[in-house]
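**Student:** please find the sequence and the predicted model below.
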Amino acid sequence: MKKMLGLPSFRRVMQGHAVPLLLLSFLLLVTGIVRAQSSYSVLDSRITYHASGLPLPTVLKEIRAITKLRFTYNNDLVRKGPAVTVDQKNGTLRELLKRVLANSGLEFVEDLGGVVIYAEKPTPASEKISEKEVAFRVLGQVYTNDGEPLAGATVQILGSRDGTTTATDGVFSLWMTDHQQFRVSMLGMKTVVRTVTRAEAEKVFMKIKLDTAAQAISEVVVNGYQKIDARMSTAAVYTLTAAEALQPGETSIDKMLQGKVPGLMILNSSGSVNARPTVRMRGTSTFVGNASPLWVIDDVVRPDPVDISATQLNNVISDAQTGDFSLIGGAISGLNPYDIEKITFLKDAAATAIYGVRAANGVIVVTTKRGKAGPMQVSYNTSLSFQQRPSYSNLNLMNSQQRVQLSRELYAGGLLQNTSNGLAENISYEGLLQALNSRQITEPQFKTAVGKLQTNNTDWFKLLFRNAFNMTHSVSMGGGAGKTTYYGSLSYTDGKGAAQLDGLKRYTADLAIHSEATKRLTLDFKLMGNYSESKGYYAGVNPLNYALQTSRILDPSVIYPVNISGNGVLPKPPPITFNMQNELAQTENNNSIRSMTVGLVISYKIANGLVFRNTSSAITDAAESMQAAYEGSKAISDKRGWNLGFEPNDKQLAQSPIPYGGIATIANQNVLTLNTRNMLEYNTGLFKGRDQFIASAGVEINSSQIKGVSSTQPGYFPDRGMAFFPSPASMFAIGRTTLTRVLTNTLSMFGTATYSLNSRYIFSATVRTDGSNRFGQYSNAKFLPNFGLAGKWNVASESWLQTSRIFSGLDLRATFGTQGNVVSAVGPELIASYLPVTKDNYNPITGVPFLNIKSLPYPELRWEKTYQWNFGVDLSLFDRRVNVNADYYIKHSKDLIVSRILPFEYGIADMYKNAGTLTNQGLEIHLGVEAIRSKNVNLTLNFINSKNFNQIGTNDFHNNYADYLTGRAFVPGRPISGFYSYIYTGLNGTNGLPTFHIPGDKANLDDPTTFLVYSGQLQPVFNGSFSTSFRYKSFATTAEFYYALGGHKRLNPLSTQVQSNNGVPTPFTNVSKELIDRWRKPGDEKVTNVPAIVDVTTNTFYGNFPDDVYAAYNQSDLRVVNSSFMRCRSFRLDYFWPQQMVRRIGVKSITTGLFINNLFTVASSKLHGQDPEIDGVGTTALPITRQYGFNMNVNF
């Protein structure tokens, strides 16, 4: 039984009074409290209270409720106190607390109108100590720059294990001796060390301010398996917060990361909203496997939604994005960027070893937001942007007048032998000239038509591109009650690229629930879903290439002849005609994907420090693709043999591979990935808390199943209900259906151990072994163990450095470990397939189709292996105003899959084998400087620099001649993406044709290096960024610059299409202005390097070169330029609305901003407007253009 009687409530007294009276009463109350404090203690207040056998925590809570006073104490100490039985009537609070805390080992003291309860620290009577050694109590409060109390700060006595943490109001109490030092610290805040004296402690309530550190330190490092205290982390990791990673206007996270992470290279192969950038972490560790890093979202490995060929993914210069699912993004393309809390990059073997064979290319771990306990909080984010279309302004291309003048000069020089390339027309200068010569038009008509051509100046960029409007909206809600929190979000993105048909629509939903079901059981549930629709261009239809290569003399509505069909159906086939706008209307490329991820993490605390954790997930991806060319397109006219509208006879209809209708390729692919992981983790302190030991062990099972179908069918009529009416001939010649079934199972076991010695010397080890069904049932290489060893010396914790005013932190790290990789496209078994059913591909007697060997058996197939060393240093200077992180690494990969040439008798040209080696080494440096730090002004500078040098070792890779010219050859001693060129030696003084050097005057076509010279690598050697962030009160501005150095690329050809080998451009082809300065007469070779255009009788082949001199010239070392560049990726101006303003409209905070992306690019003038980053080929290789936008964040 208990009975409580409290003091009267001041709030009840004030109820019902008017506002002026409330304000007056409040002032009177404050004045009364101040005066009362000067005359008597709150401990003298009277109170009546009764309790019988109640726990001490309950008694203190009831006394606090009665007195309305602040009570500060350590819950763990209070819970240990004995049960309380007390009965007091109208006694003082001091008397009551003495009786309540009797025999509990606790004492109390008044503190600014509140009560602080602390543990006694008695002095043994047997010990004789001096006055200086007698302990006394120190009271204080820790607060932030803004004057807000700081809860959870650590207060530690130097040279002792004694310490405490601040309460919710920032107050702490600690027993110390005279002139003893104590340290106050908190993650993300500057550490403060103070010396205390007895006289000061007895008179002063200590007030300690902690300033925000120049760079907030992450509380934990998340690697997808564990959450490791940053002080215990020994590996090479780098963390970005959401604010650091986000870039308004971009549609996917991978593009936002360019230049923001040391060691991470992002190459934009296109400016399309659907394009997937090339992502490389510390170089490339495979030749034919997927070289992209592994993505992990909330402890769940996220595979690519579509199994695209690794060769396409790795080859950044090929037209690799023209096949099925060309517009489908990567592993995180469906993630809402506003859901991200932070991103952790695991770079060395020690960090990635826990992922085993999936982590040879590094790991990127994304942690999404979770709800926080309390009332529901709503956040709204939006980004509205305007994408600027490209123009001819910086391009070195001829206008209409210059192009007509070139044709006029070629005719005057007798070089237009066949003026219109054999295709009758009267819409070009050559065609009009032919019409004039054949008397189809008169001289005045000719001059009038030519004059019209000279003034057309068609702007293809204006017709094929647009000024696009993009938008993203995201709404999130989070909160919680008790021990359960929730977070949910919805987002919508409508992205439009600069090209007319380039578009993306994405919808995402996210739900996260965290619940501490019991004291031992914790549940985390995650549900993520997204749906995307992408629209692009049909294979071979590229608006950028068309705008660059098509003459501006053409009227946009003109249909002009381009070639003769070569299918042989018609004896005298008419020219196949083309119009770009018609081709866009008569083709389509649409992709969509639906993804769903369900995850559940169950954590059970078995005993103190011992936790069992199960992480299970299911991921489904369903992708669909529709690519079609209608019967009115040139693509179908080429196959059919005639243009739409031509009337063939019955025989010709029967012979045509597609006499009517179009062709559609419909594909779908479904991927189901299941994963479960069981893990035990043990964490304990040793030697009375001096050391710490963490260990874990677990088993993981993963299964991935891919089912897909791709069908190419003729006779497609979209205007007849999207129906198919194929002819028998077209079904035989074109109809194809392919089924895909792939099952990959993996069983893994892993273990980790970390030991921290006095928080100064940290050692860690990780081991994992993986087994896969990809190696067949008889393979001895099913299981591959990987390990990582690491050590770190926290030099800043040494006593001789703690008092330094220069060094704020210093860590030295060293790691060594192994990584593995499996190439899913290569297997150990013999693979054969049936050939398409034609008269030459089956046995006429049995009727059974012939088999075609796809790959020979390779029972010795093994994992690809990588060994990596890493040495790193983390340095903070001048009160963390200067922060440096540097890493040097060496990666040696062996047993890499390569393509080896086979003798003819094997019946197949080559086969895959573990025979390649590759070495990567590099240096990564991050420098952060907080140049100005004050309440109203802040200026920070960040510099990120990464260098990667890779060298191919021994391999028997089958490189063909074209591979050397395009950077696809794997040559020992050269880097990945290294390419070769013809050796240009000048122009011939007689005819103006280019000449080339051949060592030994003989070109060996089997070894192209005998007549080609190494010209550098396509990928940059150095890449990085520098950024500035300046804040003045409520205004902030940020500028980000990205640079890539050491790369090379070829200039665009002088002319992409010529009539014959004499270099005369076709009538409708635009050419470079460089041809104005071409060789015209002997002696010009001394002042120009632009070759002459010669007549058809001149031999334009050089020795036994496989190419004519004009093709060799375009691929010569003369046409190679340094593609190093610096791009202003983003410039932002943000405004944080004042609190007094936003509160009036009922919201917590508002931030608005303006931004410009891709503001300008600095590159070699020799590029003449050619983008130094993208290659300019492929249906998604669209230019990177400027973007203007507005962004806003509102929190309710």
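**Tutor:** Nice, I can see it. Residues are numbered from 1 along each chain as shown.
**Student:** before we move on, what SS does residue 1130 have?
**Tutor:** Here residue 1130 is strand, with the state taken from DSSP: H, G, I helix; E, B strand; the rest coil.
**Student:** hang on, isn't it packed against residue 1037?
**Tutor:** No. Under the criterion of Cβ atoms under 8 Å, residue 1130 is not in contact with residue 1037, lying 11.0 Å apart. Heads up, the C-betas are built off the backbone N, CA and C, glycines and all.
**Student:** those two: who's more crowded?
**Tutor:** residue 1130 (24 against 15; other Cβ atoms under 10 Å).
**Student:** from residue 254, how far out is the more buried one?
**Tutor:** From residue 1130 across to residue 254, the span is 16 Å (Cβ to Cβ, to the nearest Å).
**Student:** residue 393 now?
**Tutor:** 30 Å.
**Student:** of the two, give the one with the bigger neighbour count.
**Tutor:** Comparing residue 393 with residue 254 by other Cβ under 10 Å, the one with more neighbours is residue 254, at 24 against 7.
**Student:** now that one, what are its backbone angles?
**Tutor:** Dihedral pair for residue 254: phi -60, psi -40, per degrees, to the nearest 10.
**Student:** can you show me the helices along the stretch 501-650 of the chain?
**Tutor:** 543-549, 580-585, 634-640, 650-655 (DSSP state H, counting those that start in this stretch).
**Student:** ranking these by mean pLDDT, which is last?
**Tutor:** Least confidently modelled of those is helix 650-655, at a mean of 86 by mean pLDDT.
**Student:** and that one, how far from the chain's centre?
**Tutor:** In terms of Cα atoms, centre = their mean, to the nearest Å, the centre of helix 650-655 is set 54 Å apart from its chain centre.
**Student:** downstream of that helix, the next helix or strand is which one?
**Tutor:** Under the assignment DSSP states H and E, the closest C-terminal helix or strand after helix 650-655 is strand 662-686.
**Student:** that next one pairs with which strands, and in what direction?
**Tutor:** strand 610-629 (antiparallel), strand 691-717 (antiparallel) (DSSP bridges).
**Student:** so who does residue 568 touch?
**Tutor:** For residue 568, the contact set (Cβ atoms under 8 Å, 6 or more residues apart in numbering) comprises residue 641.
**Student:** let me know the pLDDT of it.
**Tutor:** Here, the pLDDT recorded for residue 568 equals 71.
**Student:** next, it: phi, psi?
**Tutor:** Residue torsions, per degrees, to the nearest 10, at residue 568 are phi 70, psi 10.
**Student:** give me the distance between it and residue 658.
**Tutor:** Using Cβ to Cβ, residue 568 is found at 14 Å from residue 658.
**Student:** check residue 287 too.
**Tutor:** Residue 287 is 39 Å from residue 658, by Cβ to Cβ.
**Student:** same question for residue 979.
**Tutor:** Separation of residue 979 from residue 658 (Cβ to Cβ): 38 Å.
**Student:** tell me the SS of residue 1075?
**Tutor:** helix.
**Student:** hmm, residue 409 and it touching each other?
**Tutor:** No. Taking contact to mean Cβ under 8 Å, the distance of 9.6 Å between residue 1075 and residue 409 leaves them out of contact.
**Student:** who has more neighbours, those two?
**Tutor:** Applying other Cβ under 10 Å to residue 1075 and residue 409 shows that residue 1075 carries more neighbours, namely 21 against 16.
**Student:** so for that one, what's the pLDDT?
**Tutor:** Note for residue 1075: predicted pLDDT of 93.
**Student:** excluding chain neighbours, what is closest to it?
**Tutor:** Spatial nearest neighbour of residue 1075, excluding adjacent residues (Cβ to Cβ, 6 or more residues apart in numbering): residue 1054 at 5.8 Å.
**Student:** around the one you found, how many other residues sit close by?
**Tutor:** The number of residues near residue 1054, taken as other Cβ under 10 Å, comes to 21.
**Student:** next one: it from residue 549, what distance?
**Tutor:** From residue 1054 to residue 549 the distance is 11 Å (Cβ to Cβ).
**Student:** could you do residue 372 as well?
**Tutor:** Noted for residue 372: a distance of 56 Å to residue 549, by Cβ to Cβ.
**Student:** likewise for residue 1087?
**Tutor:** Residue 1087 sits 28 Å away from residue 549 when distances are taken as Cβ to Cβ.
**Student:** neighbour count: these two, which is higher?
**Tutor:** Taking other Cβ under 10 Å, residue 1087 and residue 549 do not tie; residue 549 has more neighbours (21 against 8).
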